[in-house]
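Structure for this input, please:
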Amino acid sequence: MKIVVLVKQVPDTAEERKLDLTTGLLDRDAGDSVVDEINERALEVALRVKDANKSTEVVVMTMGPDGATQALRKALSMGADSGVHILDDSLAGADTKRTAAALAAGLKVTGFDIVLAGNESTDGRGGVVPAMVAEHLALPLLGSLVSAEITEGAVRGVRQGEGGTLNVHAALPAIVTVTESSAEARFPNFKGILTAKRKPVTTLSVADLGSADLGSAELGGAGLTGFGPGADARVGSTVVVSTTERTARAAGRKIVDDGTAATELAEFLVANRLV
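Residues are numbered from 1 along each chain as shown. Model (predicted):
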């Protein structure tokens with residue numbers, strides 16, 4: 001069985017994330033970038049299948065700039081067998097539609113029996129890319145599972161809803177996403193860190209993907225400048241209309257209890273419509 005896990009490099013949530021005020025795009029030099037934690041949970045599901053069946057192949061795939069290779073190496077150190085990096089300047093600033101088209105095209109190139117991913121990234125939080133990939137590939141989507149069981153020809157799992165749980169299943173091939181309630185990811189061991197450096201990572205450009213859905217290289221978002229509908233509003237790219245720096249957080253009001261603190265607190269809650 002060949003399992004492909006979609007991973008994404010995102011800004012470290014423990015640090016402040018910033019936008020480049022000139023382009024409106026993410027400032028990737030402002031802090032550390034890490035593998036999205038929800039994708040690590042998806043990888044854990046795949047690795048548990050591999051633990052039970054050594055013939056299982058686990059491939060990690062990402063789309064992103066040069067630095068995204070670090071995310072692949074982290075996934076390889078956790079136990080994945082190989083990586084695929086979709087890297088092309090024309091994909092800079094790609095919207096969800098073009099991102100999904102690129103990932104779907106990459107999956108066609110690599111081949112797979114099942115695709116795993118997180119249900120939504122911690123930066124964009126769109127939660128639509130896996131569903132769009134499934135649409136491109138005309139495959140069933142089992143989304144937002146809290147647990148998943150993958151066998152030779154099928155996948156089944158539990159989906160948590162507001163009113164209860166759903167037991168879902170589908171024949172392979174299929175697309176599956178997991179939530180943060182699924183299995184917690186393992187830590188890379190020393191051997192995994194060393195062997196990750198020797199595991200293969202294949203780089204694919206838009207030309208390598210050969211997908212009509214991606215259009216020509218001129219339709220990408222490379223070199224986006226300025227804001228608004230007329231600012232390099234190329235097909236398949238996200239255009240930021242405007243951006244401003246977040247204002248500093250003001251100091252809160254401090255109430256000293258001189259016997260009237262309860263009254264003052266109640267008045268504050270009522271005045272701010274918090275009760």
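
which element is Val34 on?
Per DSSP states H and E: Val34 is located in strand 33-35.

Pull up the pairing partners for that strand, direction included.
Sheet pairing for strand 33-35, assigned by DSSP bridges, gives strand 9-11 (antiparallel).

tell me how far the partner strand is from the chain's mean position?
Relative to its chain's centre, strand 9-11 lies at 8 Å (CA atoms, centre = their mean, to the nearest Å).

same check, this time on stretch 268-275
38 Å.

Over to stretch 116-124?
Relative to its parent chain, stretch 116-124 has a centroid offset of 4 Å by CA atoms, centre = their mean.

cool, and stretch 40-50?
Stretch 40-50 has its C-alpha centroid displaced from the chain centroid by 15 Å (CA atoms, centre = their mean).

In CSV, could you pull the C-alpha coordinates for that stretch?
Extracted in CSV, the C-alpha atoms of stretch 40-50 (Å, rounded to 0.1, in the frame of the first residue of the first chain):
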residue,chain,number,x,y,z
GLU,A,40,1.9,15.5,11.8
ARG,A,41,-1.2,13.7,13.2
ALA,A,42,-2.2,12.6,9.7
LEU,A,43,1.4,11.3,9.3
GLU,A,44,1.0,9.4,12.6
VAL,A,45,-2.0,7.6,11.2
ALA,A,46,0.0,6.6,8.1
LEU,A,47,3.0,5.5,10.2
ARG,A,48,0.9,3.3,12.4
VAL,A,49,-0.3,1.5,9.3
LYS,A,50,3.3,1.0,8.3
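
List the contacts of it.
Residues outside stretch 40-50 that contact it (CB atoms under 8 Å, 6 or more residues apart in numbering) are 1, 3, 5-7, 56-58, 60, 75, 78-80, 116-118, 148, 150, 176-180, 182-186. Every C-beta, even on glycine, is put in place using the N, C-alpha and C of the backbone.

Could you point out the helix or strand that follows the strand holding Val34?
helix 37-52.

re the thing from before, just the contacts of stretch 40-50: which are in strands?
If you go by DSSP state E, these have 3, 5-6, 57-58, 60, 116-118, 148, 150, 176-178 in strands.

Can you tell me which of the residues you listed are buried?
Buried by 16 or more other CB atoms under 10 Å: 3, 5-6, 57-58, 60, 116-118, 148, 150, 176-178, out of the ones in strands among the contacts of stretch 40-50.

Just the closest of those to Pro140, please.
Lowest distance from Pro140 to these (CB to CB) belongs to Val176, with 9.2 Å.

Quick check: beta-bridge partners of the closest one?
Leu116, Leu142.

residues contacting it?
Counting by CB under 8 Å, 6+ apart, Val176 makes contact with 42, 45, 114-117, 141-143, 145, 148, 150, 155, 157.

okay if I get those residues as JSON lines plus pLDDT and distance to Ser205?
Output for the contacts of Val176, formatted as JSON lines (pLDDT from 0 to 100; distance: CB to CB, whole Å):
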{"residue": "Ala42", "pLDDT": "96", "distance to Ser205": "25"}
{"residue": "Val45", "pLDDT": "96", "distance to Ser205": "30"}
{"residue": "Ile114", "pLDDT": "97", "distance to Ser205": "26"}
{"residue": "Val115", "pLDDT": "98", "distance to Ser205": "21"}
{"residue": "Leu116", "pLDDT": "97", "distance to Ser205": "24"}
{"residue": "Ala117", "pLDDT": "96", "distance to Ser205": "22"}
{"residue": "Leu141", "pLDDT": "96", "distance to Ser205": "27"}
{"residue": "Leu142", "pLDDT": "96", "distance to Ser205": "31"}
{"residue": "Gly143", "pLDDT": "92", "distance to Ser205": "30"}
{"residue": "Leu145", "pLDDT": "95", "distance to Ser205": "33"}
{"residue": "Ala148", "pLDDT": "94", "distance to Ser205": "32"}
{"residue": "Ile150", "pLDDT": "96", "distance to Ser205": "31"}
{"residue": "Val155", "pLDDT": "97", "distance to Ser205": "31"}
{"residue": "Gly157", "pLDDT": "96", "distance to Ser205": "35"}
